[in-house]
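K.L.:
Provided below are the primary sequence and the corresponding predicted coordinates.
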Amino acid sequence: MKVYVLRHGETAYNAGNLVQGTTDVPLSDEGIRQAEAARRRIREEHGLSFDRVYASPLQRALKTGEIVTGRDRETFIIDRRLREIEVGALAGRSTLENTEIMVNFMRFPDLYQPLEGGESFLDLTDRAGAFLEWLGREELPPSTLVCTHGGLMHAMRMYMEPHPMRDFWKPSITNCTLFQLERDADGKWKITDIIANTEGRALGF
């Protein structure tokens, strides 16, 4: 039994260095191209297919999942726990801002204090961990795909491979990168392979 976790393709917010959070930004033309390239990489080069798909409710994740799997989103299991980090009023602001809150968000996650309505990185990690623990109790088919976001994937990695919160964003996860997860003898999820998209952008949350 293996679980694969996929980040969506590029959006205009990614390209413009803007914070997305849960703003429902669609894939750009470049994002669609990346998803099509990911389909070839994942399905044709690596020979992967998926028996079940879980997805974030946000359009960029749903569309990426449709392109990569060739399946309609109506067949996906939508799970709000897979959405991107809630950023409150930080949404739409430039990641290049030289303000304390943006510098902390981008470079010092351990110091970041969310605005009203936002999540901390610890909140996000707890949400990602809760999803993984729940998934581990499900009766899964041989191959499952999870379509989600960069922030959520960083949080999954933080949960599975604990490291200092300051390094939350390291190493980067580019658009359409795929994690392969398996459970060890103790039932803990581990990243056992990463199929990276070296062309994708790492930022734009």
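P.N.:
Yep, it's here.

K.L.:
which residues touch stretch 10-27?
P.N.:
Outside stretch 10-27, the residues within contact range by C-beta atoms under 8 Å, 6 or more residues apart in numbering are 8-9, 28, 30-31, 34-35, 58-60, 63-64, 83-88, 90-96, 105, 118, 175, 200-201, 203-205. Every residue, glycine included, has its C-beta placed from N, CA and C.

K.L.:
residue ranges with poor pLDDT in this structure?
P.N.:
198-205 (pLDDT under 70).

K.L.:
residue ranges of the strands in it, please?
P.N.:
Taking DSSP state E to define them, one finds strands in the chain at 2-7, 52-55, 77-78, 143-148, 178-183, 189-195.

K.L.:
Of those strands, give the one that comes closest to residue 46.
P.N.:
Closest approach to residue 46 among the strands of the chain is made by strand 189-195 (6.5 Å; C-beta to C-beta).

K.L.:
May I have the strands that pair with that closest one, each with its orientation?
P.N.:
Strand 189-195 pairs in its sheet with strand 178-183 (antiparallel), by DSSP bridges.

K.L.:
Could you pull out the buried residues of the strand it pairs with?
P.N.:
The neighbour-count criterion (16 or more other C-beta atoms under 10 Å) identifies 178-181, 183 as the buried residues of strand 178-183.

K.L.:
likewise stretch 85-103?
P.N.:
85-87, 90-91, 93, 95, 101-102.

K.L.:
what's next to stretch 165-178, contact-wise?
P.N.:
The contact list for stretch 165-178 (C-beta under 8 Å, 6+ apart) reads 4-10, 14, 31, 34-35, 37-38, 42, 64, 106, 108-110, 121-122, 150, 153-155, 158, 194-203.

K.L.:
Pick out the residue nearest the middle of this protein.
P.N.:
Central residue of the chain (C-alpha atoms, centre = their mean): residue 149, 2.3 Å from the mean position.

K.L.:
What is the end-to-end distance of stretch 104-122?
P.N.:
Distance between the two ends of stretch 104-122: 14 Å, counting by C-alpha to C-alpha, to the nearest Å.

K.L.:
go on, stretch 39-55?
P.N.:
Terminal residues of stretch 39-55 lie 16 Å apart, using C-alpha to C-alpha.

K.L.:
can you check stretch 109-118 too?
P.N.:
Start-to-end span of stretch 109-118 (C-alpha to C-alpha) is 13 Å.
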